[in-house]
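In: The sequence and its predicted three-dimensional model are supplied below.
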Amino acid sequence: MSRRDVFLVTKLTPTFRNKKHAVDLLKQSLEKLRTTYIDLALVHDFHESNCAFEDTSGKCARSPWQGWKALEDMQLKGAIRSIGVSNIMVRELEILIKKSKSIISVVQNWFDPLHQDREVRKICEQHGIRYMGYR
């Protein structure tokens, strides 16, 4: 089996969203997996923040926005092919769409017969973002 036969996905948890820490962690993952790239990386729990996208104060070091910027950097270097988010709310998704330098490939949110996540799914459809449900 060759590397291109395997689709690798990983997530940055809230603990590792500091931009430098996230980049270091992703580099370690590449080494441990003995590969040069990850197919899809997600910022997990994107809704857990009171930080602004542009915040540079240092107070928001674990901000999902900083994690996103780390994924963008790694994508530009070719270490990640696609980037996305997990557990994001409408407001944050709208901001991310406006402010991101990169294409948002995937939104992974809670989805089941009783929780349809219609607003987020509608935004994804309008912007060509793949929606991945979990439960």
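Out: Good, I have the coordinates.
In: mind checking the longest helix of the chain?
Out: helix 19-33 (DSSP state H).
In: State the mean pLDDT of it.
Out: Mean per-residue pLDDT for helix 19-33: 88.
In: list the helices and strands it packs on?
Out: strand 9-12, strand 38-43, helix 64-76 (3 or more Cβ pairs under 8 Å, 6 or more residues apart in numbering; DSSP states H and E). C-beta: built from backbone N, CA, C; applies to glycine.
In: Can I get these in JSON lines including distance to Asp24, mean neighbour count and mean pLDDT?
Out: Below are these laid out as JSON lines (distance: least, Cβ to Cβ, whole Å; neighbours: other Cβ atoms under 10 Å; pLDDT from 0 to 100):
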{"stretch": "strand 9-12", "distance to Asp24": "11", "mean neighbour count": "19", "mean pLDDT": "91"}
{"stretch": "strand 38-43", "distance to Asp24": "14", "mean neighbour count": "23", "mean pLDDT": "95"}
{"stretch": "helix 64-76", "distance to Asp24": "9", "mean neighbour count": "22", "mean pLDDT": "90"}
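In: how about these in CSV, adding distance to Ser105?
Out: CSV is the format used below for these (distance: least, Cβ to Cβ, whole Å):
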stretch, distance to Ser105
strand 9-12, 11
strand 38-43, 7
helix 64-76, 10
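In: Of all the ones you listed, which one is nearest Gln28?
Out: strand 9-12 (10.9 Å; Cβ to Cβ).
In: Can you list the neighbours in contact with the closest one?
Out: When contacts are defined by Cβ atoms under 8 Å, 6 or more residues apart in numbering, strand 9-12 is touched by residues 22, 25-26, 29, 38-44, 67, 70-71, 86.
In: Name the nearest of the residues you listed relative to Lys122.
Out: Once Cβ to Cβ is applied, the member of the contacts of strand 9-12 that ends up nearest Lys122 is Ser86, at 18.2 Å.
In: Could you give the number of residues near that closest one?
Out: Using other Cβ atoms under 10 Å, the number of residues around Ser86 comes to 21.
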